[in-house]
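>>> Could you work out the structure for the sequence below:
(one chain, ligands or ions: 2)
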Amino acid sequence: TARTTVTTEEPKSESGGLVLIKNPHLDTMEEDILYHLDLGTRTHNLPAMFGDIKFVCVGGSPNRMKAFAQFMHKELGLEGSGEDLADICAGTDRYAMYRTGPVLSISHGMGIPSISIMLHELIKLLHHAKCRDVTIIRIGTSGGLGIEAGSVVITDTAVDASFQPRFEQVVLGDVVVRSTDLDRDLAEELLACSKEVPDFPTLIGHTMCTYDFYEGQGRLDGALCSFSSEKKLEYLKRAHEAGVRNIEMESTAFAAMCGLCGLKAAVVCVALLDRLEGDQIRAPREVLREYQQRPQRLIAAFIRRRLGLHPPAGPALPSSN
Ligand SMILES: O=P(O)(O)O[C@H]1O[C@H](CO)[C@@H](O)[C@H]1O
Ligand SMILES: O=c1cc[nH]c(=O)[nH]1
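Ligands and ions are numbered 1, 2, ... in the order given. Reported below is the predicted structural model:
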């Protein structure tokens, strides 16, 4: 049986804003191929391509992350429409990556294994590129808990399906437990920015991260279901009492990996429904599309504010996703 190892790894404080790689073996490698991003240290000049990146935004869907890059292009007042931004990872169809100004926008697929592979390679990319003072934000969708559909949740703590602030991963047969702390100041700064986009509710709360969308999130509508509707509601209410306000599938791995590597990280997800009211996502596509744009608009306001680009831009919306 697997043994449990609680790690005490802490991000080093003397990073000087650089990204920390917690792997001594990397120093001995002559070349690092970032296979799933179709980039590498020999084939690409990573410092020239990415050295000035300050904001990295990640989210599940390639189309959403393209639309976000195009939206940011306009919000930053950069030349051209932004419609022709190229996918930097076009040589692979695993992930899509776009850059505009100091903003990098990357998709991560669904679930912890998918985001984890992307983050290993992205964090190494930021390290090889010698990026400094990078803020990384996941902009996603989620199921709400006791909140109105369309609300945006800024995560203070990412918790697992037992409501604990931990991320467990099996490494060489042992369970390694890592903490899922996120940057409190960044969460508060984002909440302050939400006043600039007042047409939807924004709140801070715990986010529960699961390994599955159906049974793993207490849904009754999957291909398998091993519990009653009473048990489901009892579990979701316990989650709500523990402070959980939304449920998604990447935040614990994202918080643990970014935290250990010294990246200031935040998770901002819109709720597509209130899970205390149902399981199926019934809102029309147009409504869901507008919901998905809400975290993008909040993060645009945040980036503009950080860059001193005041006042907020007009009513432009992200193009489609
Ligand atoms: O909208 P994204 O970023 O994909 O996030 C959420 O949506 C997916 C499930 O529909 C999961 O990946 C979950 O975390
Ligand atoms: O209910 C939901 C909605 C979006 N994403 C999730 O993981 N769960």
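>>> leaving aside the residues next to it on the chain, what's closest to residue 259?
Spatial nearest neighbour of residue 259, excluding adjacent residues (Cβ to Cβ, 6 or more residues apart in numbering): residue 181 at 5.4 Å. The C-beta positions use only the backbone N, C-alpha and C, and glycine is treated the same way.
>>> what residues are up against the residue of the chain found nearest ligand 2?
The nearest approach of the chain to ligand 2 comes at residue 143, 2.5 Å away (Cβ to the nearest ligand atom). Contacts for residue 143 (Cβ atoms under 8 Å, 6 or more residues apart in numbering) come out as 217, 246, 247, 248, 271, 272, 273, 274, 275.
>>> Give me the three-state assignment for it.
strand (DSSP: H, G, I helix; E, B strand; the rest coil).
>>> same deal with residue 175?
Per three-state DSSP, residue 175 ends up strand.
>>> Spell out which parts of the stretch 201-321 of the chain neighbour ligand 1.
213, 248, 249, 250 (Cβ under 6 Å from any ligand atom).
>>> Count the residues that sit near the closest residue in space to the second one that isn't next to it in sequence.
Nearest in space to residue 248, with sequence neighbours left out and distances taken as Cβ to Cβ, 6+ apart, is residue 142 at 4.1 Å. Burial measure for residue 142: 30 neighbouring residues, criterion other Cβ atoms under 10 Å.
>>> my read: residue 142 touches residue 267, true?
No: between residue 142 and residue 267 there is no contact under Cβ atoms under 8 Å: 9.1 Å.
>>> hey, what's the residue nearest to residue 259 bridged with?
Using DSSP bridges, the bridge partners assigned to residue 181 are residue 157.
>>> For it, give me its contacts.
Neighbouring residues of residue 181 by Cβ under 8 Å, 6+ apart: 157, 165, 255, 259.
>>> Show me which residues of the stretch 1-150 of the chain sit near ligand 2.
So the stretch 1-150 of the chain meets ligand 2 at 141, 142, 143 (Cβ under 6 Å from any ligand atom).
>>> Mind jotting down where the strands sit in the stretch 1-150 of the chain?
For the stretch 1-150 of the chain, the strands defined by DSSP state E, counting those that start in this stretch occupy 4-6, 33-34, 39-40, 55-59, 97-100, 103-107, 135-144.
>>> Out of the ones you listed, which gets nearest to residue 199?
Evaluated with Cβ to Cβ, these place strand 135-144 nearest to residue 199, the distance being 17.2 Å.
>>> The closest one pairs with which strands, and in what direction?
strand 55-59 (parallel), strand 244-248 (antiparallel), strand 264-274 (parallel).
>>> So for it, mean pLDDT?
For strand 135-144, mean pLDDT is 98.
>>> Break down this structure into its helices, ranges please.
46-50, 62-75, 112-128, 184-193, 229-241, 251-260, 285-306 (DSSP state H).
>>> May I see the strands of the stretch 1-150 of the chain organised as TSV, with distance to ligand 1 added?
Below are these laid out as TSV (distance: least, Cβ to the nearest ligand atom, whole Å):
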stretch	distance to ligand 1
strand 4-6	26
strand 33-34	21
strand 39-40	22
strand 55-59	4
strand 97-100	15
strand 103-107	8
strand 135-144	3
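>>> just to revisit the earlier point, what is the nearest of the residues of the stretch 201-321 of the chain next to ligand 1 to residue 118?
Closest to residue 118, out of all of these and judged by Cβ to Cβ, is residue 250, at 9.7 Å.
>>> Contacts only, for the nearest residue to that closest one once chain neighbours are set aside.
Of all residues not flanking residue 250 in the chain, residue 115 sits nearest, at 4.3 Å (Cβ to Cβ, 6+ apart). If you count contacts by Cβ under 8 Å, 6+ apart, residue 115 has them with 58, 108, 109, 250, 253, 254.
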